[in-house]
Every structure is written in structure tokens, then in C-alpha cells.
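# I would like the atomic coordinates for the input below:
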Amino acid sequence: MAKGAASVWLARRYGLEAWGVGLVGFLAVTGHVFSIFLHFRGGKGVATAIGVLSIYSPQTCLFTIIIWAMTVSITRYSSLGALVSFALLPFSIVFLDSKEKLPLALCVLVLIAFRHTDNIRRLLAGTELKVGRK
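Below is the predicted model:
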């Protein structure tokens, strides 16, 4: 989360416009997902995206976390929580912040959905592990 928040904070600090700050945030998430240090393999990007949102659009970040927590508490699937909360990101960023920030939301949604394709397959097959299960 810190790398996402720090990158957006620095971009704002150095006067980038909203689209530039969004691009920096997206690149932070992309860099986490396709890390050069891990031979272009990395995480799912959810925590880094939350870090980006925490500075880029705090109210949208809070909404995204709430939706994730509600989904996980009902279904016990963390991956489904991420997919649902980020599927709502384009709508929430427009309604809670500004439509000029929509490009970041769409790009992050696509990237996170792409990284969760294996989880989606397991969810559909009924083999995805629930939170707290081994």
C-alpha cells in the first residue's frame, strides 16, 4: 500500500495534473503486478491500488474497502471481495469524486480482473479457498 500511496503523493507534490497523477498511480500498480525484480511476476495489485486510492481519491478508497469487507464477511472469499469492490470502482470514483479520474479506475479494474483470472476460475468451479481455510 505504501508504494502506491507514496507514488501518488509525490506526483501531486511535484504538481502533476490529475491525469498524470492517475498515470503514476497506475504505473505503481502495474510495477507491483509485473515486478522486474520477480521476472515480471508479482502480486494481484489490490493493496497497491488501495494505497493509490488512499491519496488519489480518499472517499472512493474508503468505499472500496467497505465493499471489500462486506463481500468478504458475507462470502468468506477475499478474491471475490477484491473483484466486487474494484468492479464498482469506476462507478464509485465518478459519483464520489470526479469523472476525470475514471481512466485510472478503468485501468486498475482491468488489471486487477486480469490478475484474478485463476481466482475467477476457482470461484466458478467451487474450489476457491475461503478466508481462514487451508
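# next SSE after the host helix or strand of L83?
In the assignment (DSSP states H and E), L83 maps to helix 78-87. Downstream of helix 78-87, the next assigned helix or strand under DSSP H and E is helix 89-96.
# and the angle for that following helix with helix 78-87?
Here the directions of helix 89-96 and helix 78-87 differ by 50 degrees (axes from the mean of the first three to the mean of the last three Cα atoms, to 10 degrees).
# elements contacting helix 89-96?
helix 58-75, helix 102-115 (3 or more Cβ pairs under 8 Å, 6 or more residues apart in numbering; DSSP states H and E). For every residue, glycine as well, the C-beta is placed using N, CA and C.
# please state the offset of the shortest one from the chain centre?
Spelled out, that is helix 102-115. 7 Å (Cα atoms, centre = their mean, to the nearest Å).
# how about the helix or strand that comes right after that helix: buried residues?
The helix or strand immediately downstream of helix 102-115 is helix 117-125, counting by DSSP H and E. For helix 117-125, a neighbour-count test (16 or more other Cβ atoms under 10 Å) marks N119, L123 as buried.
# mind listing residues that contact helix 117-125?
By Cβ atoms under 8 Å, 6 or more residues apart in numbering, the surrounding residues in contact with helix 117-125 are Y77, S79, L80, L83, A113, E128, L129.
# hmm, which two among these are most spread apart?
Greatest spatial distance among the contacts of helix 117-125 (Cβ to Cβ): A113 and L129, at 19.3 Å.
# who's in contact with S92?
Here S92 is in contact with T60, F63, T64, A105 (Cβ under 8 Å, 6+ apart).
# just the buried members of the contacts of helix 117-125?
Y77, S79, L80, L83, E128.
# contacting residues for the second one?
What it means is S79. Per Cβ under 8 Å, 6+ apart, neighbours of S79: H116, N119, I120, R122, L123, E128.
# can you put those in CSV and add pLDDT and distance to L109?
Shown next, in CSV, are these (pLDDT from 0 to 100; distance: Cβ to Cβ, whole Å):
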residue, pLDDT, distance to L109
H116, 96, 11
N119, 96, 15
I120, 97, 13
R122, 97, 20
L123, 97, 17
E128, 95, 20
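# quick revisit: nearest to E17, of the contacts of S92?
Of the contacts of S92, the one sitting nearest to E17 (Cβ to Cβ) turns out to be A105, at 16.7 Å.
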